[in-house]
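predicted model and sequence below, questions to follow.
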Amino acid sequence: MNNVIKAVAGGVAGACALTLLHETLRRFVPDAPRMDVLGMRAISKLMNMAGEEPPQDEKELHNWTLAGDILSNSVYYSLAGTGKDAWWRGAVLGAAAGAGAVLLPGPMGLGEAPSNRTTKTQAMTIGYYLLGGMVAAAVGYALSGDEEAAEEV
């Protein structure tokens, strides 16, 4: 399997892990980040700027947000790549995404509360994205195992 496909598989795995974790914990943990709320605000804001009407049904808008999150995070986490270097790339990408998710929504006009409400919320936000990066790295590394073993011989 080609390294780009392996990296994309890792990116998809990381994005799905992030989304699954977020969607599960937001239902049970009061201080959990609400990245879905930020996503819905971002989609609405962008569509309004483009002169389009965003979905009025909150469930439909939420589904758009989840699809957009998985797509964009898959592309982003694919940058972790394959091989043993995927580990440090996944960690850096995850930590950077988490820090950005805490620091950028306010200046972008999306509100701070969903990812910055409490210290616990901030730590969970960074941790979620770090986990996504590490899952992407693990899959990229695992898929590259046969090729790396062949190179060592």
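Nice, thanks for sending it over.

how much space between residue 28 and residue 96?
Plainly put, residue 28 is 27 Å away from residue 96 if you go by C-beta to C-beta, to the nearest Å. The C-beta positions use only the backbone N, C-alpha and C, and glycine is treated the same way.

wait, I meant residue 84
Distance, residue 84 to residue 96, using C-beta to C-beta: 20 Å.

of these two, who's got more company?
residue 96 (15 against 11; other C-beta atoms under 10 Å).

which parts of the helix or strand containing that one are buried?
Here residue 96, judged by DSSP states H and E, is contained in helix 86-103. Within helix 86-103, the residues scored as buried using 16 or more other C-beta atoms under 10 Å are 86, 87, 89, 90, 93, 94, 95, 97, 98, 101, 102.

which one of the residues you listed sits closest to residue 40?
Nearest to residue 40 out of the buried residues of helix 86-103 is residue 101 (C-beta to C-beta; 14.7 Å).

circling back to that earlier point, and the helix or strand that the helix holding residue 96 is followed by, what does it pack against?
Counting by DSSP H and E, the element after helix 86-103 in chain order, helix or strand, is helix 113-116. Applying 3 or more C-beta pairs under 8 Å, 6 or more residues apart in numbering; DSSP states H and E, we find helix 113-116 packed against helix 35-49, helix 86-103, helix 119-143.

taking the centroid of this protein, which residue is nearest it?
Nearest residue to the geometric centre of the chain (C-alpha atoms, centre = their mean): residue 73, 4.2 Å.

from residue 51, how far off is that residue?
27 Å.

any idea how far apart the tips of stretch 68-86 sit?
By C-alpha to C-alpha, to the nearest Å, the extent of stretch 68-86 from end to end equals 24 Å.

average pLDDT for that stretch?
Mean per-residue pLDDT for stretch 68-86: 96.
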